[in-house]
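Q: Pasting the sequence and the predicted model now:
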Amino acid sequence: MREKNYRPSAIGRMLTYIPAGKLFFPFYLARQLYYTQEEYASRSLLLEWDGFTIAYASDIHFGPMLKKNRAIDVAEKINALNADIILLGGDYGETTRTGIDFFHTIPQLKAKYGVLAAIGNHDLHGTDAEIEDLRRVMTNKNITLLRNDCYVLKGKEADIRFCSTDDTRLGLPDPGILQAKNDDTRQAFTVFFPHSPDILPTLLSDARKHFDLAICGHTHGGQIALFGHSLHSSSKYGDRYRSGWKRENNHDIFISNGVGTSLMPIRLGAPPQYHKITLKRIKP
């Protein structure tokens, strides 16, 4: 059931007034943004897509704990990557309403093949009308929202499919989209980018190949993580998908720490991140 009365933590709003100097390091770290370059090599990627680049950012959480100047800075940093495609991983605001405000605030995001977006649980903290307004403002910014849908880039010999399901907490995810192809005679490299990795264990419980690469957010890297362990995890699987690269049942997964914070504007052991991921072909 959709939670329509969600409000950001009052304590979290109060803590935003603490100075961001290094003396208060968890508050300082939460207001930084670190760029990582990742490379993913695969035999499934055909030569024509070798070197294809993806800019990825998730969990902005625009609102009391991440305001206008930081939102604009995030967008400008993403654009500066000059990636072939931009993927947005969900949770654009603390609520649906602040998610709408985020997209009104930022400059146009630009990439050669466009901008695709997943839906997060915080994006569904609103009325049906607000959720439709969020979709509309994203469309007006030339951003394609994928809820149980795939977007296909056609190549001369093979395609790249970008797929995302509805949110696992407040939506109705349909992982069956990963098995449906518009043209089964063509080879396709599949990038699956749901907001939360919590959809993965059930999906990967059989022997089928569901995707080539998954990119997820939601966990915030634990947000407060000591010696690689979260004090509290937003994932029902604990630290199984806390951060970084994972491999399960012959599927490769990358989990971002995300940009913003939830509940409180602090981080420790889980720096905020955005990424550029380069796809590389492994020769047979």
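A: Structure received.

Q: packing partners for the helix or strand hosting residue 77?
A: Following DSSP states H and E, one finds residue 77 within helix 68-80. On a contact count with 3 or more C-beta pairs under 8 Å, 6 or more residues apart in numbering; DSSP states H and E, helix 68-80 meets strand 53-57, helix 96-105, strand 273-281. Every residue, glycine included, has its C-beta placed from N, CA and C.

Q: Just the buried residues of the second one, please?
A: Meaning helix 96-105. For helix 96-105, burial by neighbour count (16 or more other C-beta atoms under 10 Å) applies to 96, 97, 98, 99, 100, 101, 102, 103, 105.

Q: What pLDDT does the model give the fifth one?
A: I take that to be residue 100. Looking at residue 100, its pLDDT is 98.

Q: how near is it to residue 59?
A: Counting by C-beta to C-beta, to the nearest Å, the gap from residue 100 to residue 59 is 17 Å.

Q: Low-confidence regions, the stretch 51-200 of the chain specifically.
A: Flagging of the stretch 51-200 of the chain using pLDDT under 70 yields the residue ranges 181-185.

Q: Now do the strands in it.
A: 53-57, 85-88, 115-117, 143-145, 149-154, 158-164, 187-192 (DSSP state E, counting those that start in this stretch).

Q: Distance to residue 175 and mean neighbour count for those strands - can I get that in JSON lines?
A: Formatted as JSON lines, the strands of the stretch 51-200 of the chain follow (distance: least, C-beta to C-beta, whole Å; neighbours: other C-beta atoms under 10 Å):
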{"stretch": "strand 53-57", "distance to residue 175": "20", "mean neighbour count": "24"}
{"stretch": "strand 85-88", "distance to residue 175": "18", "mean neighbour count": "24"}
{"stretch": "strand 115-117", "distance to residue 175": "17", "mean neighbour count": "24"}
{"stretch": "strand 143-145", "distance to residue 175": "18", "mean neighbour count": "18"}
{"stretch": "strand 149-154", "distance to residue 175": "12", "mean neighbour count": "16"}
{"stretch": "strand 158-164", "distance to residue 175": "9", "mean neighbour count": "23"}
{"stretch": "strand 187-192", "distance to residue 175": "9", "mean neighbour count": "21"}
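
Q: how about those, which one is nearest residue 255?
A: Shortest distance between residue 255 and the strands of the stretch 51-200 of the chain, using C-beta to C-beta, is found for strand 53-57: 10.8 Å.

Q: Note down every partner strand of that closest one and its orientation.
A: Partner strands and pairing direction for strand 53-57 (DSSP bridges) are strand 85-88 (parallel), strand 273-281 (antiparallel).

Q: ok, the closest residue to residue 131 other than its chain neighbours to residue 213 distance?
A: Leaving out its chain neighbours, the residue that sits closest to residue 131 by C-beta to C-beta, 6 or more residues apart in numbering is residue 96, at 5.5 Å. Note on residue 96: its distance to residue 213, by C-beta to C-beta, is 29 Å.

Q: likewise residue 113?
A: Taking C-beta to C-beta as the measure, residue 113 falls 16 Å from residue 213.

Q: what do you get for residue 104?
A: Noted for residue 104: a distance of 32 Å to residue 213, by C-beta to C-beta.

Q: Surely residue 161 and residue 150 touch.
A: Yes: look at residue 161 against residue 150 with C-beta atoms under 8 Å: they come within range, at 5.0 Å.

Q: how long is stretch 132-150 from one end to the other?
A: Separation of the first and last residues of stretch 132-150 by C-alpha to C-alpha, to the nearest Å is 19 Å.

Q: Leaving out the residues flanking it, which one is nearest to the spatially most central residue of the chain?
A: Nearest to the geometric centre of the chain sits residue 89, at 2.0 Å (C-alpha atoms, centre = their mean). Take residue 89 and drop its neighbours on the chain: the residue closest to it by C-beta to C-beta, 6+ apart is residue 58, 2.7 Å away.
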